[in-house]
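Participant: Sequence unavailable; structure follows:
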């Protein structure tokens, strides 16, 4: 019996690409480079600053310029952290229905708390979610299971009573490592790794509304 639904944040629950991509484009402008189109940046958003700086500047963490560029990128992001960010279409209705059903839901992300909490608050979800676990809340971020196990503790459920919805391979890996069911969100950013069909998630869905139908279909509700 599923007693809680957990969501990844970036690319699953919310479309944060406008603000994260905007931060990179501000940095590109400062460096005298051409900005990149929104759609070109979307696949890199789930990878955070590291992936976006690689996409925009070809930088990796072992480059000498990386630490300073990362800090400048994060400063831009923090200054405009929940301006263009929105829940994905249909997600508000899904969360409302979960609330109506009395089924707790929470958020588990690799984004550190300094940036997670303002986004969650800006979306009006801080008082509704059963847990908000960030990348620095547990010893190891995803794909390790630590943050998902912590979320289950905070939500008062066992891993076997929870299901995790994510848009990146590491979300599915973390969910499986934690011993919970997994749903791959095909509307998300999906990263630049293997095709979603190769993630071995328990289910793949195309729209947020399918979460409720899936839970009902497999007798989770």
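Facilitator: Nice, I can see it. Since the model is a prediction, treat every value here as computed from it, not as a measurement. Numbers count the residues shown, from 1 in each chain.

Participant: so where is this structure shaky, pLDDT-wise?
Facilitator: Counting by pLDDT under 70, the chain shows low-confidence ranges at 218-221.

Participant: Show me the helices in it, by range?
Facilitator: Along the chain, counting by DSSP state H, helices occupy 17-30, 38-41, 48-57, 66-79, 91-101, 113-122, 146-155, 169-178, 210-217.

Participant: hey, which of these is tucked in deepest?
Facilitator: Ranked by mean neighbour count, those are led by helix 169-178 with a mean of 23 (mean count of other C-beta atoms under 10 Å). Backbone N, C-alpha and C define where each C-beta goes, glycine included.

Participant: Residue 137: neighbour count?
Facilitator: Here the number of neighbours of residue 137 (other C-beta atoms under 10 Å) works out to 19.

Participant: That one contacts residue 149, doesn't it?
Facilitator: No - taking C-beta atoms under 8 Å as the definition, residue 137 is not a contact partner of residue 149, at 11.0 Å.

Participant: circling back to that earlier point, distance to residue 185 added to the helices of the chain, as a markdown table?
Facilitator: Compiled in a markdown table, these are given as follows (distance: least, C-beta to C-beta, whole Å):
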| stretch | distance to residue 185 |
| --- | --- |
| helix 17-30 | 14 |
| helix 38-41 | 18 |
| helix 48-57 | 17 |
| helix 66-79 | 22 |
| helix 91-101 | 10 |
| helix 113-122 | 17 |
| helix 146-155 | 16 |
| helix 169-178 | 8 |
| helix 210-217 | 9 |
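
Participant: Can you tell me which of these is nearest to residue 190?
Facilitator: helix 169-178 (8.6 Å; C-beta to C-beta).

Participant: Which elements pack onto that closest one?
Facilitator: Under the contact criterion of 3 or more C-beta pairs under 8 Å, 6 or more residues apart in numbering; DSSP states H and E, helix 169-178 touches helix 146-155, strand 162-166, strand 181-185.

Participant: right, and those - which one's nearest residue 47?
Facilitator: Of these, nearest to residue 47 by C-beta to C-beta is strand 162-166, at 13.4 Å.
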